[in-house]
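J.: Sequence first, predicted model second:
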Amino acid sequence: MLSYQHAYHAGGPADVHKHVALARVLRALTAKPRPLTYMETHSGRGLYDLASAESRKTGEAAEGIALTDLAGEPFAETLELVRDLNGPTAYPGSPWLAASMLRDQDQMHLMELHPAEHAALCDVLPGAAIQRCDGYQGVMDLSPPEPRAGMVLIDPSYEVKTEYAQAGAFMRNLLRRKWPEACVMVWYPILRAGRHAELLEEIAPLNPVIHEIAFDLKGGAGMLGSGLAAVNLPAGVELGPATV
């Protein structure tokens, strides 16, 4: 898992799917005056350059953010802000997105195990609460947090086949044993092997909202689609029906 570099996938259709939904949830959560806690299990480096060698090698951004109409989406505001500050090819990871939307009274805790990604994240968000640790354990150790209202984003690399079931078991255990009121959202890739079914089976007792999209990435040689499963969504937030 320590070989994973998200820079190759930044701005791709799966990334846009995840970030549009995340921005919708954060907009709803921050519309209320009470403070909240935001956590991530797998944070990445937080900020990407879509003109980088990694991004150009896969070309995923050209099939994702370059083709996406963000009119009316909260994520459009974050994308505009990050590019005003960092140039026209900048793209925010979820930590940067969250940091741009959270308020002074909110708390953010980020977990990242990869040494290079962790170091880059610390440079991108100096002063943020960032731990280099196993993200599942890090979130568990901090839960339930103060303030107790809030959200957890689970976004593993899924390089290890068992991580589908592991992500699902973590989500179920967090909500049942530690932080039942948390809004928890997990992202998963849809591949030909169909291993995401293991994750969905683990969390089925939680009655999650499921949102899946299909796409033809790399002419069918890559992912077939992208999925999100969420529990305790804020009232009024619509992730949409499954389309795969």
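T.: Received, thanks.
J.: Could you export stretch 117-130 as PDB, CA atoms only?
T.: This file holds the C-alpha atoms of stretch 117-130, laid out as PDB (Å, rounded to 0.1, in the frame of the first residue of the first chain):
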ATOM      1  CA  GLU A 117       2.300  11.900   0.900                       C
ATOM      2  CA  HIS A 118       2.300  12.700   4.600                       C
ATOM      3  CA  ALA A 119       5.200  15.100   4.200                       C
ATOM      4  CA  ALA A 120       3.600  16.800   1.300                       C
ATOM      5  CA  LEU A 121       0.300  17.100   3.200                       C
ATOM      6  CA  CYS A 122       2.100  18.800   6.100                       C
ATOM      7  CA  ASP A 123       3.600  21.300   3.600                       C
ATOM      8  CA  VAL A 124       0.200  22.000   2.000                       C
ATOM      9  CA  LEU A 125      -1.700  22.400   5.300                       C
ATOM     10  CA  PRO A 126       0.800  23.700   7.800                       C
ATOM     11  CA  GLY A 127      -0.600  23.700  11.300                       C
ATOM     12  CA  ALA A 128      -3.300  21.200  10.600                       C
ATOM     13  CA  ALA A 129      -3.700  18.200  12.800                       C
ATOM     14  CA  ILE A 130      -2.100  15.500  10.700                       C
END
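J.: ok, residue 180 - how many residues close by?
T.: Residue 180 is flanked by 13 other residues according to other Cβ atoms under 10 Å. For glycine as for every other residue, the C-beta is placed from the backbone atoms N, C-alpha and C.
J.: outside of the host helix or strand of residue 39, which residues touch it?
T.: Assigned by DSSP states H and E, residue 39 belongs to strand 37-40. Residues outside strand 37-40 that contact it (Cβ atoms under 8 Å, 6 or more residues apart in numbering) are 26, 94-95, 98, 102, 106-111, 135, 139, 142-143, 145-155.
J.: In PyMOL, how would I select the buried members of those?
T.: The buried residues among the contacts of strand 37-40 can be selected in PyMOL (16 or more other Cβ atoms under 10 Å) with this line:
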select buried, resi 26+94+95+98+102+106+107+108+109+110+111+135+139+142+143+145+149+150+151+152+153+154+155
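J.: Spell out which helix or strand contains residue 229, please.
T.: Judged by DSSP H and E, residue 229 forms part of strand 225-231.
J.: which secondary structure elements does that strand contact?
T.: Counting contacts by 3 or more Cβ pairs under 8 Å, 6 or more residues apart in numbering; DSSP states H and E, strand 225-231 packs against helix 13-30, strand 183-190, helix 196-203, strand 209-214.
J.: which neighbours does it have in its sheet, and in what orientation?
T.: Using DSSP bridges, strand 225-231 pairs in its sheet with strand 183-190 (antiparallel), strand 209-214 (antiparallel).
J.: Would you mind getting the angle between the longest one and helix 13-30?
T.: Inter-element angle recorded for strand 183-190 and helix 13-30: 170 degrees (by axes from the mean of the first three to the mean of the last three Cα atoms, to 10 degrees).
J.: Work out the gap between strand 183-190 and the centre of the chain.
T.: Relative to the chain's own centre, strand 183-190 is displaced by 7 Å; criterion: Cα atoms, centre = their mean, to the nearest Å.
J.: Repeat that for stretch 108-116.
T.: Using Cα atoms, centre = their mean, the offset of stretch 108-116 from its chain centre is 13 Å.
J.: Outside of it itself, list whatever touches it.
T.: 1-2, 4-5, 37-46, 95, 98-99, 102, 118, 121, 125, 128-135, 138-139, 142, 145.
J.: Show the buried residues in those residues.
T.: 4, 37-46, 95, 98-99, 102, 118, 121, 125, 128, 130-131, 135, 138-139, 142, 145.
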